[in-house]
Each structure stands twice: as structure tokens, then as C-alpha cells.
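A.B. asks: Structural data only, the sequence is not supplied:
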């Protein structure tokens, strides 16, 4: 039953992608299709990466309330962009080829996020309150550092940083999208191969070790895969904090399964569906250029509050 639902999600995504590309298509067809295909690819990659990465993060942390963005990853990205503009300047940063800049950002984010999440998960994975508070404090610290540095900038350089602070799907280069898709597909394939071990790891460290699983090795592998997914999606379009929480919660409700072989593709497909459907409605049906990331963050934040209140009543 769960496998069938995942199949229906895949078919729905294919149909929606076709509608996104072909809706009210006019000449010049090749040029317009190229622009739409690049935006569609970014939407699918970011949605899939956010959903699958959050499932991995919730498994290794042992809690369904957490998402990588909640523990300061978005603030880390903003700080990194701020420092780049400070040292290189807006003109110097724009002079770096897009592909090289993308690779440098992905590498820096992957290393920093692996260190950050490894620090959070080393001892306090079971203490959810301490984990959330630690992540929030780290986020506040990183944002404070970013704001302090931004006050030293020229207005033109600050405008460059401000543009990078919000997710945008309209400034994706095809070369960057191709590299992001390759990394994402490789990470998803590796995560699916780890699915049986992740099922056992989700039972808890003591139980998993009692069943003969090298829990620490599995957690480190999942952490590296999650860091790769989140780093690629963030470097591609910018930070989106609550999309992963939204897709992971919907995937669990829809599939009613604890198997990662089901949850990972379901969350990836739902993340892509949410972004493609939202962009299609705003751009094609309503003719609006509203920021999709703002709407996703709003509903994702509401869902987080509902989950916290629900757990508190229990």
C-alpha cells in the first residue's frame, strides 16, 4: 500500500512538471522552455534534497520535531555569504565564475554543517530540549555575527548579501543545476542503500547496538549524506528553513510507514511536489511573482508550532 502511494506521488510529480513546462507556452519555444526547465530543475532538486535530508536528520537525532534549518544552518549560510562579500567585495564576488563559486560554497557548507550537526548529535541527541536550544543559540550567534559584519559594509555590498539571504529559484545556472542534480542523485542512492540500517538505527543507539548494528558508523554516514544534500540545495537557491519539516511530516502521515526505503522517496517526491505546485499556482495561474519560500516558511513554521504543542499535551 505504501509503495503504491509513493508511485502515485511520482506520477503526480511527472504530470505537474509537464504542466509547468507546457502551460501557455508561446514562441520562442526553445528559449522559454530553457528558462522553465532550469527553474523546474531547481524546484525539484531543492524539494527532494530538503525532504530526504530532514528524514535522515530526524532519524539520527531520534526526534521528529527537528530540521537542519532549525539548528542554525540557514544562519551559517548567511554568515558565509556575508564574509565572502566582506573580503572580496560585491564586484569581486561577482567576478568569480558561477561554477567555481558554487563548488566552493558546497564544500564549505558541507564541512561546516557536518561539524555543526556532529557537535549537536554527539551527546545531546536524546535531550530534545537541549538540542533545540543549542541550535537556536547557535543560530542567534551566527546571525548576530552576520549583522555586525553587515554594518561595516557599503550599501552596494550589503545589497548583494541581502539578495542571498532569501531563497530564489530564478537565478540558477544550468551548469550549477547539473552538478547539484548529480550530487543529489548520488546521495539519495546511497541513502536508499542504507535504508535497512537506518530502520534499525531509528530504534535508538542502545537497541541498535544490541541488534549488532554499528550505530555510530551509520549515524556518521547519514550525517554526511544529509550535509551533502542540504549544502547543495542551499548553495543552489538559498536557505529554506521549514520545507523539510513540512515534507517529512506529510510523508510519515501519507505512507504510515517507518521504513526508510519508503520514507526517503516519499519525502523527496513531496518536497518537489510542494515547490513545483506552489510555483505553478503563483506564476502560471495567479500571474504573481510572490516569493514561494515565504509561503512555505509560513506554513512550515505553523506546523512546527502545532507539533510542539501536540507533544506538550502528551
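C.D. replies: Here it is on my side, so go on. Source: prediction; values computed, not measured.
A.B. asks: What separation do you get for residue 258 and residue 60?
C.D. replies: Residue 258 is 15 Å from residue 60, where distance means C-beta to C-beta, to the nearest Å. For the C-beta atoms, the positions are set from N, CA and C on the backbone; glycine is no exception.
A.B. asks: So for those two, which residue has more residues nearby?
C.D. replies: Using other C-beta atoms under 10 Å as the criterion, residue 258 and residue 60 rank with residue 60 on top: 24 against 13.
A.B. asks: Was I right to think the more buried one contacts residue 221?
C.D. replies: No. Judged on C-beta atoms under 8 Å, residue 60 makes no contact with residue 221 at a distance of 9.5 Å.
A.B. asks: Give the next helix or strand downstream of the helix or strand encompassing residue 138.
C.D. replies: If you go by DSSP states H and E, residue 138 is part of helix 128-150. Counting by DSSP H and E, the element after helix 128-150 in chain order, helix or strand, is helix 155-164.
A.B. asks: where does the stretch 51-200 of the chain have low pLDDT?
C.D. replies: Applying pLDDT under 70 to the stretch 51-200 of the chain flags the ranges 116-132, 166-167.
A.B. asks: need the helices for it, in chain order.
C.D. replies: If DSSP state H, counting those that start in this stretch is used as the criterion, the helices of the stretch 51-200 of the chain fall at 73-95, 98-123, 128-150, 155-164, 174-193, 195-201.
A.B. asks: now the stretch 201-314 of the chain
C.D. replies: Taking DSSP H, counting those that start in this stretch, the helices of the stretch 201-314 of the chain run over residues 205-210, 215-237, 243-255, 260-280, 292-313.
A.B. asks: Check which residues of stretch 224-237 are buried.
C.D. replies: Residues 224-237 are the ones in stretch 224-237 that count as buried (16 or more other C-beta atoms under 10 Å).
A.B. asks: Please read the previous query as pertaining to stretch 73-84.
C.D. replies: 73-82, 84.
A.B. asks: go on, stretch 266-284?
C.D. replies: Neighbour counts over stretch 266-284 (16+ other C-beta under 10 Å) mark 266-280, 282-283 as buried.
A.B. asks: What is the neighbour count of residue 302?
C.D. replies: Neighbourhood size, residue 302 [other C-beta under 10 Å]: 12.
A.B. asks: Same question for residue 27.
C.D. replies: Neighbour count for residue 27, taken as other C-beta under 10 Å: 7.
A.B. asks: Could you give the backbone dihedrals for the residue most central in space within the chain?
C.D. replies: For the chain, residue 50 is the residue whose C-alpha lies nearest the centre (C-alpha atoms, centre = their mean; 3.0 Å). Dihedral angles of residue 50 (phi, psi; degrees, to the nearest 10) stand at phi -60, psi -40.
A.B. asks: which residues does it contact?
C.D. replies: By C-beta atoms under 8 Å, 6 or more residues apart in numbering, the contact list for residue 50 reads 229-230, 233, 240, 243-244, 247, 271.
A.B. asks: quick one: which of those residues is nearest residue 20?
C.D. replies: Comparing these against residue 20 with C-beta to C-beta places residue 271 closest, at 15.4 Å.
A.B. asks: Looking at that closest one now. What's its pLDDT?
C.D. replies: At residue 271, the pLDDT value in this model is 91.
A.B. asks: is it true that it touches residue 250?
C.D. replies: No. The pair residue 271 and residue 250 does not pass the contact test of C-beta under 8 Å, sitting 9.1 Å apart.
A.B. asks: Common neighbours of the two, please.
C.D. replies: Looking at what touches both residue 271 and residue 250 (by C-beta under 8 Å, 6+ apart), there is no common residue.
A.B. asks: of all the helices of the stretch 51-200 of the chain, which lies closest to residue 40?
C.D. replies: helix 174-193 (9.8 Å).
A.B. asks: what's the angle between the closest one and helix 260-280?
C.D. replies: With axes from the mean of the first three to the mean of the last three C-alpha atoms, to 10 degrees as the criterion, the two stretches helix 174-193 and helix 260-280 enclose an angle of 150 degrees.
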